[in-house]
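Enquirer: Build the 3D model from these lines:
(chains A and B)
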Amino acid sequence: MSQPSRVRVALVLPELLGTYGDRGNATVLVQRLRWRSIDAEMIEVSGDTPVPADCDIYVIGGGEDIAQLAAVRWLQAHPGLQQAVGRGAVVLAVCAGFQILGTSFAGTDGAMHSGLGLFDAITRPLSRRAIGEIVVEPAPGLGIRSLTGFENHGGATQLGPGAAPLGRVVTGIGNGFDGAEGVVQGRIVGTYLHGPVLARNPDLADLLLTWATGRTLDPLSLEETETLRQERLQHARAR
Amino acid sequence: MTHSGMPHRLGDEPAPDGAGDAPEAPPWRPPWPRRDGHRLPLRTRMAMRIGGAVAWLSQALQMGQGAMIGGRLMLALDPGALRRLSQGRLTVLVTGTNGKTTTTAMLAAALSELGEVASNSSGANMPGGLVTALAQSPEAPLAVLEVDEGYFPSVAATVRPGVAVLLNLSRDQIDRVGEVSRTERAIRDALHTLDGVTAVVNCDDALMTSAARDVAHPVWVSVGSTWQETAARCPRCGQPVTTDAAGDGAGWGCACGFESPRPQWTLDGTEIITPEGGRVPLELRLPGRVNARNAAMAVAAAVTLGVPVDAAVSRVGSLAEVAGRYRTVRLGTHRVRLLLAKNPAGWAETLDLLAGSRDPVVIAVNAREADGRDTSWLWDVPFERLRGRSVVASGERATDLAVRLTYADVPHVRLPEPWWAVEMLRPGHVDLVANYTAFRELVIRC
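Expert: Numbers count the residues shown, from 1 in each chain, chains lettered A, B, ... in the order given. Model (predicted):
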């Protein structure tokens, strides 16, 4: 992708998929660009305007079950996100957002619903809701350090051959299949990690930014984010 | 004072709301039944004695306020204690995400105009805390109980309240309480099983309105609202809810036909408009718009139960602190105002309250079970509004908060111990804002 003059970060349907603080992922992406003197802008895509197809990064969060169905219907009717993915945009989808980007998912009504089909993944109900701290060892090819987060979901997500996991679960539940957590398919990342995941894991934030800008970013190490990583890893080891 | 002299009481007259759904007289009316403590079975009386002793011991050893442990023990010894202790009284349950403790204290103060009131004024709002409060006032004919919104259905089924005061619903501790739409549904179902219950409802909250839509005797109170996010979707169909041009949360509707009812009571600035159209000024010692909202709910409920409006307003207005909240304590050269904020909606109110000054702020965040283990909610609080002030990130999860403040461009220092944080600030006034368990520790130690 050519170097954009201003990086546009779309926060998709925060009023529907904004229950778990995941808007923080968009805040983190924009700030990490600005601190490196790269112009960046956050665009909130709410349910009264069509989804723009010309943003560089799309961030989708977790939400309640009833909202998840409303969100997928809106995104199917206004396919700006799918068009953007078609031309190589970067996507981070968390929890309910992760589920609806797959091929299909179970709704509260117990029925299976079609997702957007951006991931090769099917989500069915978990036998028992997964709630708690989670640590994930990322896929080696990603070149990032261990991930931590907080998961709170009732979905078991099975990846198909077209998708690869984001990582392997060290502690916690994750996808609930084969010890896998999340998904990476092209430049689209899905995960169950809240925290928000990019606030807890700056490496993942910078990986997405590298993909989106096509450039090597200057190092940016913040003492407090490093301390938070250590605290959460220590907490997980102690249990 | 311009309001009409006649207090509005359910049972005296139908509410003049003109909507055709005027509440009928509820089955109870003053004077209240006197309680006869001796009718309690031996098992309950023994459980009360032992639980009371343990609560006293817990307090004496500074292990806590005692309400939880004593009550839990009572329930273990007599699982029917909550039902038996609430029998023969008129019980009011106050629930919602924010404002429960303050509204409960205000309503208890107003109802003491009518007689002795049992109330869990410390904010211990799960069954153990309720049992303790009832056991401490076994003869009180009235009870005003704050109930955790997740426990409301089971508590309501047990105590069969005459009145439910429904404040607001927004997300809080999703890991423990669960999703807000499920909570609304559970409260709605619980109210459905209470024949003849009167519900005093904040009708600017779409979720609580949905929960109370079909109760026998609704009293709708318009208090305005600042936090619309979770309720931006219709609780009945999921479509966007539209608000009217005023934008203050008063008056909303959905394409499916679900809309805000016409309020009997309205909070207008610092005045409350009665069902008769009279305007009564609220003169509150507690600060902020949030407490005007709490007061409006408490006054509407008190008047519904038969307290004259002037007396209700006067008693509500005289409260100066609630379970240690809003209280100012002296610490060396500092005067520290203690505030509680534990979720995005509560923080929206708190940031409004803080906007009036430039004093330093210490924020203490814990993430124990009673707080919710997930700190993600910090990212839904617009901490950007604290730019330009001295801020200290504190509490057991000070680091999570510090990272949030960093991304909000709010310079700060990080010090997990809140009182040390206060001491390092320049002498003068400090606002100390803590979430639930962090606040509880502050109150125990000052």
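Enquirer: Show the pLDDT at B:Asp175.
Expert: B:Asp175 carries a pLDDT value of 64.
Enquirer: For chain B, what lies in contact range of chain A?
Expert: Chain B comes close to chain A at residues B:171, B:174-175, B:179-182, B:229-230, B:232-233, B:238-240, B:373-380, B:399-400, B:402-404, B:406-409, B:414, as judged by Cβ under 8 Å from any Cβ of the partner chain. No exception for glycine: its C-beta is placed from N, CA and C like everyone else's.
Enquirer: try 7 Å this time
Expert: By the rule Cβ under 7 Å from any Cβ of the partner chain, the part of chain B lying against chain A is B:171, B:174-175, B:179-181, B:229, B:232-233, B:238, B:240, B:373-374, B:376-380, B:399-400, B:402-403, B:406-407, B:414.
Enquirer: In strands, which of those appear?
Expert: Among the residues of chain B next to chain A, the members falling in strands are B:Arg414 (criterion: DSSP state E).
Enquirer: which among the residues of chain B next to chain A end up buried?
Expert: Neighbour counting by 16 or more other Cβ atoms under 10 Å in any protein chain shown classes B:171, B:174-175, B:179-181, B:229, B:232-233, B:238, B:373-374, B:376-380, B:399-400, B:402-403, B:406-407, B:414 among those as buried.
Enquirer: how about the helices in the stretch 251-400 of chain B?
Expert: With DSSP state H, counting those that start in this stretch as the criterion, the stretch 251-400 of chain B has helices at B:288-304, B:309-317, B:344-354, B:398-407.
Enquirer: For the lengthiest helix in chain A, name the packing helices and strands.
Expert: Ordering each helix of chain A by length in residues (DSSP state H) puts helix A:223-238 first. Helix A:223-238 is packed against strand A:121-138, strand A:147-159, helix A:197-200, helix B:398-407, with contacts defined by 3 or more Cβ pairs under 7 Å, 6 or more residues apart in numbering or on different chains; DSSP states H and E.
Enquirer: Next, the buried residues of that helix.
Expert: By neighbour count with 16+ other Cβ under 10 Å, helix A:223-238 contains the buried residues A:224-225, A:228-229, A:232-233, A:236.
Enquirer: can you check stretch A:199-218 too?
Expert: Buried residues in stretch A:199-218, counted by 16+ other Cβ under 10 Å: A:199-209, A:211-213.
Enquirer: What segments of chain A are strands?
Expert: A:7-12, A:40-45, A:57-60, A:90-94, A:104-106, A:112-114, A:121-138, A:147-159, A:167-171, A:180-181, A:183-185, A:188-191.
Enquirer: would you turn the ones you listed into a markdown table with mean neighbour count, distance to chain B and mean pLDDT?
Expert: Below are these laid out as a markdown table (neighbours: other Cβ atoms under 10 Å in any protein chain shown; distance: least, Cβ to the nearest Cβ, whole Å; pLDDT from 0 to 100):
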| stretch | mean neighbour count | distance to chain B | mean pLDDT |
| --- | --- | --- | --- |
| strand A:7-12 | 24 | 12 | 96 |
| strand A:40-45 | 18 | 12 | 95 |
| strand A:57-60 | 29 | 12 | 98 |
| strand A:90-94 | 28 | 10 | 98 |
| strand A:104-106 | 19 | 16 | 95 |
| strand A:112-114 | 14 | 14 | 95 |
| strand A:121-138 | 18 | 5 | 95 |
| strand A:147-159 | 24 | 4 | 96 |
| strand A:167-171 | 19 | 14 | 97 |
| strand A:180-181 | 26 | 17 | 98 |
| strand A:183-185 | 22 | 21 | 97 |
| strand A:188-191 | 25 | 13 | 98 |
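Enquirer: which one of those strands lies closest to B:Val336?
Expert: Nearest of these to B:Val336, taken as Cβ to Cβ: strand A:147-159 at 31.2 Å.
Enquirer: so the closest one versus helix A:223-238, what angle?
Expert: For strand A:147-159 against helix A:223-238, the angle by axes from the mean of the first three to the mean of the last three Cα atoms, to 10 degrees is 60 degrees.
Enquirer: and the angle from strand A:147-159 to strand A:167-171?
Expert: Here strand A:147-159 runs at an angle of 120 degrees relative to strand A:167-171 (the same axes, to 10 degrees).
Enquirer: A:Leu92 and B:Leu107, how far apart?
Expert: For A:Leu92, the distance to B:Leu107 (Cβ to Cβ, to the nearest Å) stands at 46 Å.
Enquirer: averaged over its residues, what pLDDT does stretch B:339-352 have?
Expert: The average pLDDT for stretch B:339-352 rounds to 91.
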